[in-house]
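K.L.:
next come a sequence and a model predicted from it.
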Amino acid sequence: NAGVMQNPRHLVRRRGQEARLRCSPMKGHSHVYWYRQLPEEGLKFMVYLQKENIIDESGMPKERFSAEFPKEGPSILRIQQVVRGDSAAYFCASSPDGNQPQHFGDGTRLSIL
Amino acid sequence: KQEVTQIPAALSVPEGENLVLNCSFTDSAIYNLQWFRQDPGKGLTSLLLIQSSQREQTSGRLNASLDKSSGRSTLYIAASQPGDSATYLCAPDNQAGTALIFGKGTTLSVSS
């Protein structure tokens, strides 16, 4: 049973470009969470999604960031017009329901030149 | 707003020692609390989940306790090994299925 799969593992973008981060949850998991870990800081919640629905996006910056979890396919975190401050590790987690542990992927490390 | 503090920030011990990692949180109205370990450059591995109705959970050499009223959780590691070297993170949530709130972690180094 594969774990949470995130790709790419490393992503380099120049300022102003778009970054797309993908997350395939564990089989049978319909809840997906995105977190961001800035250098020297703890993980911060960004957004919580279930299939085709955004449940909580209170941690998502209001501009340039969006997330989706379509009926088919992986969850996507999209960052438009990236800036240096977006450089971080982005982690995705999934769970089958709210009472079960969240299982994390290995993250995508985004570097902005 | 929930805030999570982990003490100490870093800990170095010789192999074989028993140790305790501390976690405190400001809002005692939590639903679950998870302990994770994070290895450098890797994701998080879930170690233990304690539901709010529970007082402790055990897995192998690990034991986590929860005192909701005082806003504290501890992770006890028995007979530490070099392979236990990692950053340990504590994360409560305030409602089933919601975001986890993380502390900055305790970085543990176990020397052989």
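P.N.:
Done, it's in.

K.L.:
need the residues of chain B near chain A, please.
P.N.:
By C-beta under 8 Å from any C-beta of the partner chain, the residues of chain B that approach chain A are B:4, B:32, B:34, B:36, B:41-46, B:49, B:51, B:89, B:91, B:95-105. For every residue, glycine as well, the C-beta is placed using N, CA and C.

K.L.:
show me which of those are buried.
P.N.:
B:4, B:32, B:34, B:36, B:43-44, B:46, B:49, B:89, B:91, B:97-105 (16 or more other C-beta atoms under 10 Å in any protein chain shown).

K.L.:
from B:G103, how far off is whichever residue of chain B sits closest to chain A?
P.N.:
When scored by C-beta to the nearest C-beta, chain B has B:G97 as its residue closest to chain A, at 2.3 Å. For B:G97, the distance to B:G103 equals 21 Å [C-beta to C-beta, to the nearest Å].

K.L.:
A:I112 too?
P.N.:
From A:I112 to B:G103 the distance is 27 Å (C-beta to C-beta).

K.L.:
for the chain, which spans come out with low pLDDT?
P.N.:
Assuming you mean chain A. A:1, A:98 (pLDDT under 70).

K.L.:
the intended chain is chain B.
P.N.:
For chain B (pLDDT under 70), the answer is B:96.

K.L.:
recalculate using a threshold of 90.
P.N.:
Within chain B, the stretches with pLDDT under 90 are B:1-2, B:28-32, B:40-43, B:51-53, B:93-99.
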